[in-house]
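Asker: Dropping a prediction and its sequence here:
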Amino acid sequence: MDKRGKLLVISGPSGVGKSTVISCLMSMMSNLEFSVSATTRAPRPGETEGVDYFFVSRERFDEMVVNNELLEHATFVGNSYGTPRSQVEARLAAGINVILDIEVQGAGQVKALMPEAVTVFLAPPSLEALEARLRGRGTETEEVIRGRMETAAQQMELAPTYDHTVVNDDFHRAAEEIRSILEA
């Protein structure tokens with residue numbers, strides 16, 4: 001197979017529905033694989049090595065950063081996360097499309113390293129709709145919701161730096177729009 005796969009990067013605020021849209025998109029496209037990230041955090045019950053994450057030590061993660069083995073990386077709440085370059089590049093070379101679900105800062109890192117990557121910012125219909133969704137989950141404290149909303153407002157300002165912005169007002173419609181972008 002001569003045709004190289006496409007790299008699709010999806011970012012957006014917490015609670016915008018990235019996982020739901022990605023699941024729908026993957027059910028629509030047979031030639032699309034999700035990239036598994038590396039992390040320094042411990043596995044949670046039910047998580048599988050190589051399926052949910054590649055669980056690595058802090059030392060190994062730091063080596064991966066120094067040796068440019070990651071397309072992007074970031075640290076959250078004391079744990080580091082990153083996208084292994086070899087996994088992505090092997091799939092792309094085999095003609096397989098790869099999707100990354102990563103934070104806004106990671107999307108910028110990937111675009112700098114791989115300008116051919118297609119970046120999509122998944123946006124809520126409004127910040128009010130996003131807040132309602134976060135509150136509807138019933139899983140976060142008021143303080144966490146406020147923090148997520150402040151971060152979401154900052155992230156929304158970066159949407160114009162992406163190749164495309166897709167509003168998630170309906171997850172199936174949003175997935176269809178992203179599929180159209182990838183197939184164009």
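Answerer: Sure, I can see it.

Asker: Which strand residues bridge His73?
Answerer: His73 has the following beta-bridge partners by DSSP bridges: Gly82.

Asker: contacting residues for it?
Answerer: His73 is in contact with 61, 64-65, 80-83, 106, 109, counting by CB atoms under 8 Å, 6 or more residues apart in numbering. The way it works is simple: take the backbone N, C-alpha and C, and place the C-beta from them, glycine included.

Asker: Same list as before, the residues you listed that is, but in a markdown table and with distance to Thr165, pLDDT and neighbour count included.
Answerer: Compiled in a markdown table, the contacts of His73 are given as follows (distance: CB to CB, whole Å; pLDDT from 0 to 100; neighbours: other CB atoms under 10 Å):
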| residue | distance to Thr165 | pLDDT | neighbour count |
| --- | --- | --- | --- |
| Phe61 | 31 | 98 | 22 |
| Met64 | 31 | 97 | 20 |
| Val65 | 30 | 97 | 12 |
| Ser80 | 28 | 93 | 20 |
| Tyr81 | 24 | 92 | 20 |
| Gly82 | 25 | 95 | 24 |
| Thr83 | 22 | 96 | 23 |
| Gly106 | 17 | 89 | 22 |
| Gln109 | 19 | 93 | 19 |
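
Asker: Closest one to Asn31 out of the residues you listed, please.
Answerer: Thr83 (19.3 Å; CB to CB).

Asker: The closest one - nearest residue in space that isn't next to it in sequence?
Answerer: Nearest-residue entry for Thr83: Leu71, 4.4 Å, with adjacent residues in sequence omitted and distances by CB to CB, 6 or more residues apart in numbering.

Asker: Distance-wise, check that neighbour relative to Ser86.
Answerer: The span separating Leu71 from Ser86 equals 10 Å under the rule CB to CB, to the nearest Å.
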